[in-house]
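Peer 1: with the input below, show me the fold.
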Amino acid sequence: MLPAMRRPLVLAALVFALALGVAAAQPVLHEYVPHASDDDLPDLITGGPSEEPAAILYEGEILPPPEGGARRPDERAMRGAPGDGEGPESPGRRSPTFRPDRVTALEGMLGYYTVFTPTIAPFKRVTALDAVVRAPAIDGGEPAPVLGLAAPRSAPVPLAGADAPPPDPRPRDRFWGSVVLDFSTGLRVPLPSVSPESRVLTLRSEPELALRVEKDGADNFFVVAPEGTRGEVRATFLMDAPRGYFNVAAIPSVPSDVYAHELFALEDSVRADALAFAAELGVAPGDPLDAVLGALTAHFRAFEESEEPPEETGNIYLDLARGMKGVCRHRAYGFVITAHALGVPARFVQNEAHAWVEVKIPMPVEGADEPVPGWLRVDLGGAASALQAHGAEDRPVYRPRERDPLPQPEAYRQSYSQLRGDVSGFRQDEEVGAASFASEGAGAGEGAGEAAPSEGTEAVAEEEGGALDALFDPPGEPEGPSARPLTLRLDRERFEVFRGRTLTVTGRATDPDGEGVEAMRVEVLLREMDAAGSRAASERLLGVTATRSGGAFQASVGVPPDLPVGDYRLIVRSPGDDRFFPATAR
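Peer 2: Take a look at the predicted model:
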């Protein structure tokens, strides 16, 4: 007997057409499932390792690459000229520092410019700051700890490739990105990211240029253009992120200062102030991490926006932290300084519409012996009165798989950072605004993780445009005499493939006249046979594609590595549409 991982699976395929006259007396062989779970599909990529995939799958929805072209009215270009570091971020700019202000009143409508699909609004990373330094007084005002970068120098990072395996055991989700980069002020322009541990898998530009990706010590991404580049360039890229960045099931009860050695040293006076305040919250360095993050989150999420700033004592950090007044940037500022004093690596993260924090924690991973160090996004609320999302009307909203394990005061739960309240610009079928889900992030179902994305679920489709259109909308039942029989024919009838390897299936869909049928959904499945080989034990969906011009189709699908050794029947079928009846090639 061959070793289990090398013994091939034997797949047999018999070609036949399912026509109206035959189907009338036969049981229905296909039931169309409009939104299969992402967990039903393996990691499938069309093309080579570095090529852009034809689509990705999120919650059963197939998402093709974003459209290219010139900058649209609902976009803002990213620019190399930095912001001033005070107050909210300007759209398209990254600030090298953050200096707090005393404008703690609730802001009005803010605009958020969408970059990613599925959208992570309002959490795209534009600026991340990871160090605390004391700055001198400006214009006769008070001195204040200023947030900056511990290691501002950036280094090149390679494109990982579309089918790159995860760098650690944590599952990852994938996101399309599309952004216009303005190189009129320099050849190095910020690139928004999904998470600090994101990888850029593929990248292309219009016009086509040899762009280089870099990132600094706080995981701010940049794009560097060749000499002579001027004006606006569209970058379309595929990026991934660890799923645990968005939420974890629980905060581990380890010493809070387990990663304290990685922090940029605080000035003695700042550290003394922050430890005195932390003591008022009942926490100290070395206390359990879950208790420390729970105390900090409960406090800073309970801030109130106020037309009257906190009483001024000459120490803006303590005034904000103790006064509990301020919007998102004030909360994130106070949190980061306090966390650093307690030995918890934390970052201040901001874009044009929101600010939040990231903390580094040991993340338990299912199936791994040891936790993996990783960054966790912690939102503190403090949003403006309303959010207008630009460019999000045709995109699904990303939902964290796990529920938020940290305290959630009621005021925080109503924040637009949880897509609640006065929120506009999103797709009509998304539950946002007044009808939005609570902040637990339970995906599409009632329980945490239901219908949530699976690591690396890429849908297989050969071309954009008309062929992919067949994958988006569930086909209707054929009605009236206009529906016609469909024939699916495979180019091969017998296949041998090893588990964990790629299986490529090609064929053609034709009408009764032998003409090719384009834009027809085609599904590829494995049907496990019983010991006698006469009955199906189970079916497993491998992937979907769509026919191209002339009716040809190709699906390069992955055979799951955990599939039991045995005999299987390859099923290639189409659910039909309002033009044609369902058909199966077996």
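
Peer 1: confirm that residue 296 sits in a strand.
Peer 2: No. Residue state for residue 296 (DSSP: H, G, I helix; E, B strand; the rest coil) corresponds to helix; a strand is not indicated.

Peer 1: read off the pLDDT value for residue 132.
Peer 2: Residue 132 is assigned a predicted lDDT (pLDDT) of 94.

Peer 1: got the buried residues for the helix or strand containing it?
Peer 2: If you go by DSSP states H and E, residue 132 is part of strand 131-135. Within strand 131-135, the residues that count as buried by 16 or more other C-beta atoms under 10 Å are 131, 132, 133. In short, each C-beta sits where N, CA and C put it, glycine included.

Peer 1: which one of those is nearest residue 283?
Peer 2: Of all these, residue 283 sits closest to residue 132, with 18.0 Å by C-beta to C-beta.

Peer 1: check the gap between that closest one and residue 309 for me.
Peer 2: Using C-beta to C-beta, to the nearest Å, one gets 21 Å for the distance from residue 132 to residue 309.

Peer 1: what are the ranges of the helices in the stretch 151-300 of the chain?
Peer 2: Taking DSSP state H, counting those that start in this stretch, the helices of the stretch 151-300 of the chain run over residues 268-280, 289-300.

Peer 1: turn those into a markdown table, including mean pLDDT.
Peer 2: As requested, these are exported to a markdown table (pLDDT from 0 to 100):
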| stretch | mean pLDDT |
| --- | --- |
| helix 268-280 | 96 |
| helix 289-300 | 97 |
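
Peer 1: which of those helices sits most buried?
Peer 2: Stretch with highest mean neighbour count among the helices of the stretch 151-300 of the chain: helix 289-300 (a mean of 22; mean count of other C-beta atoms under 10 Å).

Peer 1: check which helices and strands it sits against.
Peer 2: Other helices and strands packing on helix 289-300, by 3 or more C-beta pairs under 8 Å, 6 or more residues apart in numbering; DSSP states H and E, are helix 328-341, strand 355-363.

Peer 1: using CSV, lay out the ones you listed together with mean neighbour count.
Peer 2: Converted to CSV, the helices and strands packed on helix 289-300 look like this (neighbours: other C-beta atoms under 10 Å):
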stretch, mean neighbour count
helix 328-341, 27
strand 355-363, 23
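
Peer 1: output the strand holding residue 132 as PDB - backbone C-alpha positions only.
Peer 2: What follows is strand 131-135 as a C-alpha-only set of coordinates in PDB (Å, rounded to 0.1, in the frame of the first residue of the first chain):
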ATOM      1  CA  ALA A 131       6.300  55.500  20.200                       C
ATOM      2  CA  VAL A 132       5.700  58.100  22.900                       C
ATOM      3  CA  VAL A 133       8.000  61.100  23.100                       C
ATOM      4  CA  ARG A 134       7.700  64.400  25.000                       C
ATOM      5  CA  ALA A 135       7.700  67.500  22.800                       C
END
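
Peer 1: now find how far off-centre it is within its chain.
Peer 2: Centroid displacement of strand 131-135 relative to its chain, using C-alpha atoms, centre = their mean, to the nearest Å, is 32 Å.

Peer 1: now do that strand against helix 328-341, angle only.
Peer 2: 100 degrees (axes from the mean of the first three to the mean of the last three C-alpha atoms, to 10 degrees).

Peer 1: of all the helices and strands packed on helix 289-300, which one is nearest residue 153?
Peer 2: Nearest to residue 153 among the helices and strands packed on helix 289-300 is strand 355-363; the distance by C-beta to C-beta comes to 20.2 Å.

Peer 1: could you check the angle that closest one makes with helix 328-341?
Peer 2: Angle of strand 355-363 versus helix 328-341, following the same axes, to 10 degrees, is 30 degrees.
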